[in-house]
Each structure stands twice: as structure tokens, then as C-alpha cells.
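A.B. asks: kindly return the folded structure for what I paste below:
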Amino acid sequence: MKPRPSFPARLDTSNDQAKPKALLGATRVVTPQTSMRGAAPTPLASPTGVGLDSSAVRKRMVQKLAEQGVQDNVVLDAMGRIERHRFVDSALVNQAYEDTSLPIGLGQTISKPNVVARMIALLREAPGLQAAPMGRVLEIGTGCGYQAAVLSLVAREVYSMERLRGLHDKAKENLRPMRLPNLHLMFGDGMLGYPKGAPYSAIIAAAGGEAVPQAWIDQLAMGGRIVAPMQTTAGQQALVVIDKTPQGLQQSLLEAVHFVPLKSGIA
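C.D. replies: This is a model prediction of the structure:
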């Protein structure tokens, strides 16, 4: 295993920015499928605390996710363990466990719980990633750090990149009390990926562009999977799943989504 960077690390941005390149391989459009894989979750503790600190609040959110079709018990368990209200502004905490996206500043949002669970479950549906935990995962777009925290419970190691300094610092503040030793926050251009940590078992993105950057494809391990939003020919966004196989890239287009645009550089 390659040496891990210090926490947090800043990437060298002196090189030319990577440009998205068109994907190779066949594309097929499929309908959303629910994941039924995963070991039985570790039981959550009996309801403790009051208000939003009560585990009962998170249990209700998890029950709703299951009703919406997320059936991967490993993912559901992770969603039930991470307290989402600690990642949103104080004025919005009463909406923290609703299935809605919320603003986190700098024009960015925290994704709906259903979207977070759905995308992570899609990662784990890859034939080589069904074991728990997954291997090394690269997240593009740390945001407030919520999805990174969930990922840290389902993967052996997580590298999460954010291009906006303000959000990178906010995520550090949110995550520091949690002391997650397998989670590494990186400040840099996510379109370039993070080659020092490659190859990755999985790559997940919280921003969408016209194509998936070639750097992500190059840094994905054989048998690995990318789940990301991507702009379709109709100008809308949809989730795309890309599997790297010995026969080439296999791309599946799933349901419509709405994410912030994928941008290069840092700010």
C-alpha cells in the first residue's frame, strides 16, 4: 500500500488541468434497481439522547430509505450511524433527516439521504465490491463531509477531494470530532483525481459534467466502478455507472438527478 498523505493534504496544481474525455465502450440505459446485497447490519444502539441526537430519529430515516428501495443492509447501517444534523447549518437542523437536499454555502448542497444511499449502494453492486468493507474509494466533492463519513463506514480507506477551500475547511471542522482514521480530506482539483492513491476500487462524484474525466478512468482499478452524475444528450443530468472490465468500459445510464456542475481548478 502506498504512503498515505498527511491530513489534510493539498495537491500540486501546477500541472495543466485535466479535460473530460468521451467514454469508450458500450452504453446501455437501464431502469433503477434496488440493491439486496450486504450482510445483516450491526444493530444500532437503543434510542438514546433527545431531539435530533436521538438514534430513533435516524432509525426513522433509515426505515424510509428502505421503503424507497434501498435494501443494502451495510449501507442502511452506515446511514443510521452518521448524524446528518451535524453537517448542516444550525438554522436547517430541523430538516436534517428529511429526504431533501440542503444548502451548505458557496452555492453547494448536501445531497438527499436517498441519493447518498442509492449511489453508495450502486458502488457496492459491482461484482468485485460486494464484500464489506470495500477497498480504497475516491470521492469527488467533499462538500460538508457527510457522504465521506458514510463512505468511511463501508470502505477500508476513503480519499475525499474538494476544490473549494471554504467547504474543505468546513468538512474538516465537521469531521474532526468523529476521528475517522481511514478518511483523508484532500484540497485540490477533483477532475484530476488523486493518482498517488490509485488504483481505486470505486470512485463516486457529487458533481456532474458533460463526460467523466479520463483521469478517473485511468485511476480506477480493473473490476472497479464509478458512480457519478453526467449530462445527457438531452441536456439533463442522470446517474451513470461505469465498470472497468478486461473487455473494456461498460456504461449504464440510470435515473435523472440534479447535482452542481463539475468544475476544474481550485477556489
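
A.B. asks: which stretches of the stretch 1-150 of the chain aren't confidently modelled?
C.D. replies: Within the stretch 1-150 of the chain, the ranges that satisfy pLDDT under 70 run 1-51, 132.

A.B. asks: what ranges do the helices span in it?
C.D. replies: 55-67, 73-81, 113-124, 146-152 (DSSP state H, counting those that start in this stretch).

A.B. asks: list the buried residues in the last one.
C.D. replies: By neighbour count with 16 or more other CB atoms under 10 Å, helix 146-152 contains the buried residues 146-152. (Glycine included, C-beta is placed from N, CA and C.)

A.B. asks: quick one: contacts for the residue nearest the centre of the chain?
C.D. replies: The residue lying closest to the centre of the chain (CA atoms, centre = their mean) is Ile204, at 4.6 Å. By CB atoms under 8 Å, 6 or more residues apart in numbering, Ile204 lies in contact with 119-120, 123, 137-140, 147, 151, 226-228.

A.B. asks: for Gln251, name its beta-bridge partners.
C.D. replies: On the basis of DSSP bridges, Gln251 is bridged to Thr27, Ile242.

A.B. asks: and it, how many neighbours?
C.D. replies: By the criterion of other CB atoms under 10 Å, Gln251 has 19 neighbours.

A.B. asks: is it true that it touches Lys244?
C.D. replies: No: the pair Gln251 / Lys244 is not scored as a contact, 10.5 Å apart, by CB atoms under 8 Å.

A.B. asks: circling back to that earlier point, turn the buried residues of helix 146-152 into TSV, columns for distance to Pro113.
C.D. replies: TSV is the format used below for the buried residues of helix 146-152 (distance: CB to CB, whole Å):
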residue	distance to Pro113
Tyr146	9
Gln147	10
Ala148	15
Ala149	13
Val150	9
Leu151	14
Ser152	16
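
A.B. asks: thinking again about what came up before, which two in the contacts of Ile204 are spaced the farthest apart?
C.D. replies: Greatest spacing in those, by CB to CB: Gln147 and Ile226 (15.0 Å).

A.B. asks: what distance do you get for Leu151 to Tyr200?
C.D. replies: The gap separating Leu151 from Tyr200 is 12 Å, by CB to CB, to the nearest Å.

A.B. asks: what do those two both touch?
C.D. replies: With CB under 8 Å, 6+ apart as the test, Leu151 and Tyr200 both reach Val137.

A.B. asks: if the residue nearest to the centre of the chain is in a bridge, with which residues?
C.D. replies: With DSSP bridges as the criterion, Ile204 is bridged to Glu139, Val227.

A.B. asks: how close does it sit to Gly190?
C.D. replies: Applying CB to CB, the value for Ile204 to Gly190 is 11 Å.

A.B. asks: next: Gly80.
C.D. replies: Look at Gly80 and Gly190: by CB to CB, they are 28 Å apart.

A.B. asks: over to His184?
C.D. replies: Distance from His184 to Gly190, counting by CB to CB: 14 Å.

A.B. asks: these two: which is more packed in?
C.D. replies: Under the criterion of other CB under 10 Å, the comparison of His184 against Gly190 puts Gly190 first, with 30 against 21.

A.B. asks: tell me how far the more buried one lies from Thr245.
C.D. replies: Distance of Gly190 to Thr245, given as CB to CB: 24 Å.

A.B. asks: same question, Ala117
C.D. replies: Between Ala117 and Thr245 the computed distance is 26 Å (CB to CB).

A.B. asks: and those two? Which one has more around it.
C.D. replies: Remark: of Ala117 and Thr245, Ala117 carries more neighbours, 27 against 13, as counted by other CB under 10 Å.

A.B. asks: residue contacts, that one?
C.D. replies: 65, 70, 72, 75-76, 79.

A.B. asks: distance of the residue nearest to Ala207 when sequence neighbours are not counted relative to Pro133?
C.D. replies: In space, and not counting its chain neighbours, Ala207 is closest to Leu262: 4.1 Å by CB to CB, 6 or more residues apart in numbering. Distance, Leu262 to Pro133, using CB to CB: 27 Å.
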